[in-house]
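1. attaching a predicted model along with its sequence, questions to come.
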Amino acid sequence: MKKVQLFNTMEGFEEFINRTDIEVIQVDVKVVEQSYMFQQNFAAVVFYRMLS
């Protein structure tokens, strides 16, 4: 089953992408206007599948 994860920090994104128990299907990275939610001007959406 395909799942989606949203990231608003580069550190969390990098940690997630480097996991070995997932298969990354698609990554969309955007530079966004800085706000309370996106303090690092960064937003990423990762579509992935858990590996058995």
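-> In hand now; what should we look at?
2. so in terms of bridging, what pairs with Asp28?
-> Beta-bridge partners for Asp28, by DSSP bridges, are Val45.
3. show me where the protein has its helices.
-> Secondary structure of the chain (DSSP state H): helices at 10-17.
4. can you pull the pLDDT of the spatially closest residue to Phe42 that is not a sequence neighbour?
-> Once flanking residues are discounted, Phe42 sits nearest to Met10: 5.6 Å by CB to CB, 6 or more residues apart in numbering. The way it works is simple: take the backbone N, C-alpha and C, and place the C-beta from them, glycine included. If you check Met10, the pLDDT there is 88.
5. pretty sure Tyr48 is touching Asp21, no?
-> No: the criterion here is CB atoms under 8 Å, and Tyr48 misses it with Asp21 at 9.8 Å.
6. neighbour-wise, which of these two wins?
-> Tyr48 (19 against 8; other CB atoms under 10 Å).
7. ok, the more buried one - contacts?
-> Applying CB atoms under 8 Å, 6 or more residues apart in numbering, we find Tyr48 in contact with 2-5, 22-25.
8. would you show me how to pick out the buried ones of these in PyMOL?
-> Here is the PyMOL command that selects the buried residues among the contacts of Tyr48 (16 or more other CB atoms under 10 Å):
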select buried, resi 22
